[in-house]
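Enquirer: fold the stuff below for me.
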Amino acid sequence: AALNDLLEEVEARKCARSPEYFLKKHCAIRHPARGRIPFDLRDAQKETLKAVQTHDRVIVLKARQVGFSTLFANYVLWLCLFQPDQLIIMLSRTEREAQDLLSKSKYAYELLPEWLKNRCPKVKSDTMLKIAFDNGSTVESLPSRDSPARGRSVSLVIVDEWTFLENPEDAWASIEPVTD
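Expert: Here you go, the predicted structure:
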């Protein structure tokens, strides 16, 4: 048992050091045709993950349905589990899309190995649009209308499918001061 605990601790520390390692080794995604599959990051996803970790602002111009929403949903899960006191806002066009985006984070969390979940912060609150952990980290997935980020101190803002937002200028007006 002591050896197993030691191996789990080593593995948990590897996860804490590298979101790419955590995503590849422990996260699963729901593929539309193949169902549950391991999250095998593509090169473009790896590059984007590195860019997000090293730059204050990142804009990704990409085709639709190539896995970047899933990448960010899983990345924010990593942040919440391994970085205390994070407030992350994910903005989508509609409330349904915001729920769908957060459901990707929840899906990955639910499928983590129990030993890893036991070593991570516990879920304190779980609603359709928010998950809060007992280490002070929270991710909220919200529709972009009504300036949801205005006046908040956030660690990270992710805007999903900017082109399709109802009022992108208003969304930017609420996000831009937060990003400074």
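Enquirer: quick one: the helices in the chain?
Expert: Applying DSSP state H to the chain gives helices spanning 2-17, 19-26, 43-54, 68-82, 95-110, 114-119, 168-179.
Enquirer: show residues contacting the fourth one.
Expert: Residues from elsewhere that reach helix 68-82, judged by C-beta atoms under 8 Å, 6 or more residues apart in numbering: 15-16, 19, 22-23, 27, 29, 39, 41, 45, 48-49, 52, 60, 62, 86, 88, 90, 101-102, 104-105, 108-109, 120-121, 131, 133, 135, 137-139, 155-156, 158, 160-161. Every residue, glycine included, has its C-beta placed from N, CA and C.
Enquirer: geometric centre of this structure: which residue is closest?
Expert: Note on the chain: the residue nearest the mean C-alpha position is V76, at 2.3 Å, using C-alpha atoms, centre = their mean.
Enquirer: from L3, how far out is that residue?
Expert: 33 Å (C-beta to C-beta, to the nearest Å).
Enquirer: where's the lowest-mean-pLDDT helix or strand in the chain relative to the chain centroid, distance-wise?
Expert: Of all helical and strand segments in the chain, the minimum by mean pLDDT, DSSP states H and E falls on helix 168-179, at a mean of 71. Distance of helix 168-179 from the chain centroid (C-alpha atoms, centre = their mean, to the nearest Å) equals 20 Å.
Enquirer: by contact count, what packs against it?
Expert: strand 87-92, strand 156-159 (3 or more C-beta pairs under 8 Å, 6 or more residues apart in numbering; DSSP states H and E).
Enquirer: quick one: buried residues of it?
Expert: Using 16 or more other C-beta atoms under 10 Å as the test for burial, helix 168-179 gives A171, W172, S174, I175, V178.
Enquirer: all good on my end, thank you.
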